[in-house]
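> no sequence on this one, just coordinates:
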């Protein structure tokens, strides 16, 4: 029985932080495959995506091209213009049979799981692999930053909803790279070396992505 993880996100754009998450999930949990799923228009995001779906899928395709265990999900027909995680999961479940399913997710998104559409259904279908985000705490010498994450709050919230979820925390340092940082660099016409794979950098540069100030 194969071990496959779903890695969903806007990937606006994909960057080395995303790749580090996926690579750590593979090594730490012995995954056979990671399916990357760029979201068409995720309903839980308040900010609209800036690159269109074709562009974001192409950036992911370029970023994972040298990893045979990383694959880009087939594009689904989505007449509603929104994308729910449970629909993505059921679609992929029909494609890959006899599979142990995992879901790679950042701790900030994981904390919203109890509010997801059909969360009671998807919560029990996957083993959740959570990547920690940094936190600030007040110490004797002032603020300090760490990357520890305790999933118990989410586990307890889901238990109240009648779902016993399974999860593990990825043992990885926080690298500080984010899609919002990259978009800001593009707006300021700064170079993206060491933030994204070279093939993604040349694509962003050629199309002049993220150089227009977003409409509010």
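On my side now, so go ahead. Keep in mind the model is a prediction, meaning the values are calculated, not measured.
> from the middle of its chain, how far away would the longest helix anywhere in the chain be?
Of all segments of type helix in the chain, defined using DSSP state H, the longest is helix 16-29. Taking CA atoms, centre = their mean, to the nearest Å, one finds the center of helix 16-29 at 11 Å from the center of the full chain.
> List the buried residues in it.
Neighbour-count burial for helix 16-29, with 16 or more other CB atoms under 10 Å as criterion, is recorded at 16, 17, 18, 19, 20, 21, 22, 23, 24, 25, 26, 29. (Each C-beta comes from the backbone N, C-alpha and C, glycine too.)
> Out of these, which is nearest to residue 103?
Distance to residue 103, by CB to CB, is smallest for residue 25 among these, at 9.7 Å.
> so what's the closest one scoring on pLDDT?
Looking at residue 25, its pLDDT stands at 98.
> Please report how far it lies from residue 180.
Remark: distance between residue 25 and residue 180 (CB to CB, to the nearest Å) = 22 Å.
> now do residue 150
According to CB to CB, residue 150 and residue 180 sit 25 Å apart.
> Equivalent analysis for residue 24, please.
Using CB to CB, residue 24 is found at 21 Å from residue 180.
> give the contact list for residue 209.
Each residue near residue 209 by CB atoms under 8 Å, 6 or more residues apart in numbering is listed here: 13, 50, 51, 55, 186, 203.
> for it, helix, strand, or coil?
Following DSSP: H, G, I helix; E, B strand; the rest coil, we place residue 209 in the coil state.
> circling back: so which of the contacts of residue 209 wins on neighbours?
Tallying neighbours with other CB atoms under 10 Å puts residue 13 at the head of the contacts of residue 209, with 26 neighbours.
> For it, which non-adjacent residue is spatially closest?
Computed as CB to CB, 6 or more residues apart in numbering, the closest residue to residue 13 that is not its neighbour in sequence is residue 59, at 5.0 Å.
> Please look at residue 187 and residue 211 and confirm they touch.
Yes: using CB atoms under 8 Å, residue 187 makes contact with residue 211 at a distance of 6.3 Å.
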